[in-house]
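A.B. asks: quick check, what structure comes out for this input:
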Amino acid sequence: MKIKWRAGLVLLCACIAARAQDGEFQVGLPLGTTNEAGERVVLSSKVRVYGSFRFTESCTFDPARNLILAMNAGVPREQRENDGYVSLIHPDGSVHTSKWIGATRDGLYLDHPLGSAIRNGVLYTVDGTVLRSFDLASGQPLESIEVPGSTFLNGIGVAEDGTAYISNTRPPETLYRVTPEGETSVLVQGAPLAAPNGVAIDNDGNVVVVNIGNSDVLTFSPQGELLMTERAAESGSDGLVILPDGTKYVSSVRYGSVSRIRPGEDAEVIAEGIPSAASMCYDSVQHQLVIPMNPNDALAFVPLDT
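C.D. replies: Sure thing, here's the model as predicted:
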């Protein structure tokens, strides 16, 4: 009886996933309503709405539109599979579009997006054991690439040529490389990785990874050679931002602090007391860090010194 029930559940999940690809993909519209005359009316400019988050793990910033893209897991998959979505948020934290990607499930499968990155007009995110990509302008899904051997893909950084470097936080602790052609390989596995999380590409094209398991900030060459080890002020690292001048910012999801590491200097705490400070992004227009707060369903904003 139990075997039949499990088989039925697998079949049901497969049917849900198939139906998600049946309809025509559509993105959501900016906040607004339909008036009595049947016309769509956008939100008045003097009105501010906040929220639209459901377990936001990461964000990334689109300077062309001056908008933050917040990756939301939606409700737990035990309640409903395929409920992930992307919100568009103004730099002051107010809502532009509640559900941009994820307005409908037609043509979309996005279950539990974690780390995210933008490169060359493409939005990338990791979802379970899959790397997904979307057209940044239209939100249209592009590719879904399964990463063999992965167990929990988490952070992602994308190089100029479109190669994605992805951390696998749970055993086997791994840094994967996925080429633009979809070829996957192991770049680093095991020590010095210790529950690797946030990933970013530095100004020299090297791959920088932070660990949850310790305070190490590891810089690898694109060939996997360890070039440098720095340390955040506290362990439990999640988010990683690298500025054009080489300054690194690291958020601790366990201890709620943000470390700043200037080139050649020790780390210093610039903000603290941020619950579940996760995979942050850098708003290059307003010069601020934007930090998702996971189960708190919120974003924190940290202005940076000029």
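A.B. asks: which residues touch the nearest residue to residue 127 once chain neighbours are set aside?
C.D. replies: The shortest distance from residue 127 to any non-neighbouring residue, by CB to CB, 6 or more residues apart in numbering, is to residue 113 (5.1 Å). (C-beta placed from N, C-alpha, C; glycine too.) Residues counted as contacts of residue 113 (CB atoms under 8 Å, 6 or more residues apart in numbering) are 57, 58, 71, 72, 73, 84, 86, 125, 126, 127, 132.
A.B. asks: residue 288 versus residue 113, what's the distance?
C.D. replies: 22 Å (CB to CB, to the nearest Å).
A.B. asks: ditto for residue 78
C.D. replies: Using CB to CB, we find residue 78 at a distance of 35 Å from residue 288.
A.B. asks: got it, and residue 280?
C.D. replies: 10 Å.
A.B. asks: again with residue 108
C.D. replies: 30 Å.
A.B. asks: got it, and residue 149?
C.D. replies: Distance from residue 149 to residue 288, by CB to CB: 37 Å.
A.B. asks: the two - which one has more neighbours?
C.D. replies: Using other CB atoms under 10 Å, the more surrounded residue of residue 149 and residue 288 is residue 288, with 19 against 13.
A.B. asks: what about the nearest residue to the more buried one once chain neighbours are set aside, how many neighbours?
C.D. replies: The shortest distance from residue 288 to any non-neighbouring residue, by CB to CB, 6+ apart, is to residue 303 (4.9 Å). Using other CB under 10 Å, residue 303 is surrounded by 11 other residues.
A.B. asks: low-confidence ranges, the chain, go.
C.D. replies: Under the criterion pLDDT under 70, the flagged ranges of the chain are 1-22, 306.
A.B. asks: one more pass at 80, please.
C.D. replies: 1-23, 306 (pLDDT under 80).
A.B. asks: how about the helices in it?
C.D. replies: Under the criterion DSSP state H, helices of the chain are mapped to 2-19.
A.B. asks: any chance of the contacts of residue 113 in a markdown table, plus neighbour count and distance to residue 167?
C.D. replies: Compiled in a markdown table, these are given as follows (neighbours: other CB atoms under 10 Å; distance: CB to CB, whole Å):
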| residue | neighbour count | distance to residue 167 |
| --- | --- | --- |
| 57 | 28 | 13 |
| 58 | 29 | 12 |
| 71 | 29 | 15 |
| 72 | 27 | 20 |
| 73 | 22 | 18 |
| 84 | 26 | 19 |
| 86 | 27 | 21 |
| 125 | 26 | 13 |
| 126 | 31 | 9 |
| 127 | 20 | 14 |
| 132 | 23 | 16 |
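A.B. asks: verify the stated contact: residue 53 with residue 294.
C.D. replies: No. Counting by CB atoms under 8 Å, residue 53 sits too far from residue 294 to count as a contact (9.7 Å).
A.B. asks: higher neighbour count, those two?
C.D. replies: Comparing residue 53 with residue 294 by neighbour count (other CB under 10 Å), the higher total belongs to residue 53, at 23 against 20.
A.B. asks: and that one, what does it touch?
C.D. replies: By CB under 8 Å, 6+ apart, the contact set of residue 53 is 70, 72, 87, 292, 297, 298, 299.
A.B. asks: at 6 Å what do you get?
C.D. replies: Residues in contact with residue 53 (CB atoms under 6 Å, 6 or more residues apart in numbering) are 72, 297.
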